[in-house]
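A.B. asks: this one's structure only:
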Ligand SMILES: [Zn+2]
């Protein structure tokens, strides 16, 4: 192997790419996570950052349970803006020209503030690198279908050109995907959004149910 090929990237940085699945509040750089640990703004410890085996989980659910609760619950609007910008700029350097990033609808009072922060991050990254990005608003399955319907209804009256999709995340065995038929219909027919729920990351039945509740 020549010295040149040893140094070449595993993936072509010049090939245009699209990143279709990023939970933006979890997309912290190592530096951003380190800062958060130092400020006691997460219960994840330094070991998580320094020792690779510590970041491996036996299944997706145990990974979610730890990182979501320890990281995502404590995200502030300003952090969301910075994480969005730095994440998009990083993948743009690796050749990404488009990204679809998701953020959960939790508390209606902070939702629009969070969206404004994500949009500012998108605009800054676009200005610096040219990358385009859009947002998928998600609802957590753990909170049930009525919460998802509330989120979808909120999006009917919420006009944000960067929001182009509605999704469902979280524990796929919490309930049946078919219970979300109403929420998906509201998002598709009334809010005019694309549909991007997680299906069969944890449970194959969800993939079959998806065909029964797709608008
Ligand atoms: Zn996901």
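C.D. replies: Nice, I can see it. This structure is a prediction, so every number in the text was calculated from the model and none was measured.
A.B. asks: immediately after the helix-or-strand element of the chain with minimal mean pLDDT, which helix or strand?
C.D. replies: Every helix and strand of the chain was ranked by mean pLDDT, DSSP states H and E. The lowest is helix 3-7, at a mean of 59. Remark: after helix 3-7, the chain's next helix or strand is strand 17-23, criterion DSSP states H and E.
A.B. asks: so what's the gap between that following strand and the chain middle?
C.D. replies: How far strand 17-23 lies from its chain's middle: 9 Å, per C-alpha atoms, centre = their mean, to the nearest Å.
A.B. asks: in it, what counts as buried?
C.D. replies: Neighbour counts using 16 or more other C-beta atoms under 10 Å place 17, 19, 22, 23 of strand 17-23 among the buried residues. Quick note: C-beta positions are derived from backbone N, CA and C, even for glycine.
A.B. asks: from the residues you listed, which single one is nearest residue 101?
C.D. replies: residue 22 (4.8 Å; C-beta to C-beta).
A.B. asks: tell me how many other residues crowd the residue lying closest to the closest one once chain neighbours are set aside.
C.D. replies: Take residue 22 and drop its neighbours on the chain: the residue closest to it by C-beta to C-beta, 6 or more residues apart in numbering is residue 101, 4.8 Å away. Residue 101 has 24 neighbours, counted by other C-beta atoms under 10 Å.
A.B. asks: and the angle for the helix or strand hosting residue 103 with strand 17-23?
C.D. replies: Residue 103 belongs to strand 96-104 when assigned by DSSP H and E. Angle, strand 96-104 to strand 17-23, by axes from the mean of the first three to the mean of the last three C-alpha atoms, to 10 degrees: 10 degrees.
A.B. asks: what does strand 96-104 contact?
C.D. replies: For strand 96-104, contacts defined as C-beta atoms under 8 Å, 6 or more residues apart in numbering pick out 16-25, 27, 72, 80, 84, 87-88, 91, 114-115, 118, 122, 130-140, 164-165, 167, 169, 196.
A.B. asks: alright, calling it a day.
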